[in-house]
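Student: need the 3D shape of this:
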Amino acid sequence: MNITILMGIALGFGMTFFGIMQGGDINNFVEIASLSIVLGGTIGAVIASYPMEDLKKIPTLIKLALRKSENNYMEQVHEIVEMANVARKNGILALEDRLDDIKDPFVKNGIMLIMDGTDPELVKSMLETQAYFTDERLISMFETASSCAPAFGMVGTLIGLINMLKNLTGDMDSIGPSMSTALITTFYGVIFANLIFNPIAKQLAAKNAEEMLCKDIIIEGILSIQDGENPRVIEDKLKAFIAASDLEDAKKKSAEPAEDAA
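Tutor: This next block holds a predicted model:
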């Protein structure tokens, strides 16, 4: 479980609640009509903007945003270097004996392509085509929701103001509650956009970037094996993809099983 997104959302709502309680009553901020305008309008706009095939993936994307990142770049580098050693000593076809041990289907497919003698440019093109982790169009669904929520908050505010102005010649005591309702809708729109929809979109984008980096490492490693490069050169080349801080974290993760075993 990705604890940071839950901590951030909880902290944001908690501090907002704390601020409300310092100067007022929480019941003043509960308005079903305003909530229906913001959520109903936002959900409607997202549904209208994307095909049903994409909309069905929303629950999976939310689970993905909440899931802890499991990418271990160094583990991937070590696996590729091991295969490079085998290929350099016994030839690329010797990698056939290792296919059953390869868990990642993306890596296995790449190894099978170079074993078949596929042209390097075609190997690169095919693997890059398969490398999409989360389509950016899917991530944009939450970005769309993030931008629509404040807009529908403003719609609710306009509705409240119109109702207020209609009553200016009538019951003056209704002006205050009407104005309050109008402003609450904007409040809901800002909260939903910045504490729910936008964080989910950011988490998905970050996970997509991590997975694409992992795929880039695999593609470069497989092409280097096909070129018959020295395994030590391949290792240095692949480590260059990883930022220094990430490299240290990856080394620690790789060392954890050995420490536990000891």
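Student: quick one: list the elements packing against the helix or strand where Ile162 lies.
Tutor: Of the helices and strands defined by DSSP states H and E, Ile162 is found in helix 136-166. Applying 3 or more C-beta pairs under 8 Å, 6 or more residues apart in numbering; DSSP states H and E, one finds that helix 136-166 contacts helix 32-49, helix 52-55, helix 58-66, helix 175-192, helix 198-227. For every residue, glycine as well, the C-beta is placed using N, CA and C.
Student: so which elements touch the first one?
Tutor: Just to be clear, that refers to helix 32-49. Partner elements for helix 32-49 (3+ C-beta pairs under 8 Å, 6+ apart): helix 136-166, helix 175-192.
Student: hmm, who's touching it?
Tutor: 55, 141, 144-145, 148-149, 151-153, 155-156, 159, 181, 184-185, 187-189, 192, 197 (C-beta atoms under 8 Å, 6 or more residues apart in numbering).
Student: what separates Thr144 from Phe152, distance-wise?
Tutor: 12 Å (C-beta to C-beta, to the nearest Å).
Student: typed the wrong thing, it's Met141
Tutor: Counting by C-beta to C-beta, the gap from Met141 to Phe152 is 16 Å.
Student: the more surrounded of these two?
Tutor: In terms of neighbours (other C-beta atoms under 10 Å), Phe152 is the more surrounded of Met141 and Phe152; the figures are 25 against 22.
Student: show the pLDDT at that one.
Tutor: Note on Phe152: pLDDT of 94.
Student: go on, Thr144?
Tutor: 94.
Student: picking that back up, okay, the angle between the helix holding Ile162 and helix 58-66?
Tutor: Helix 136-166 and helix 58-66 are oriented at 100 degrees to each other (axes from the mean of the first three to the mean of the last three C-alpha atoms, to 10 degrees).
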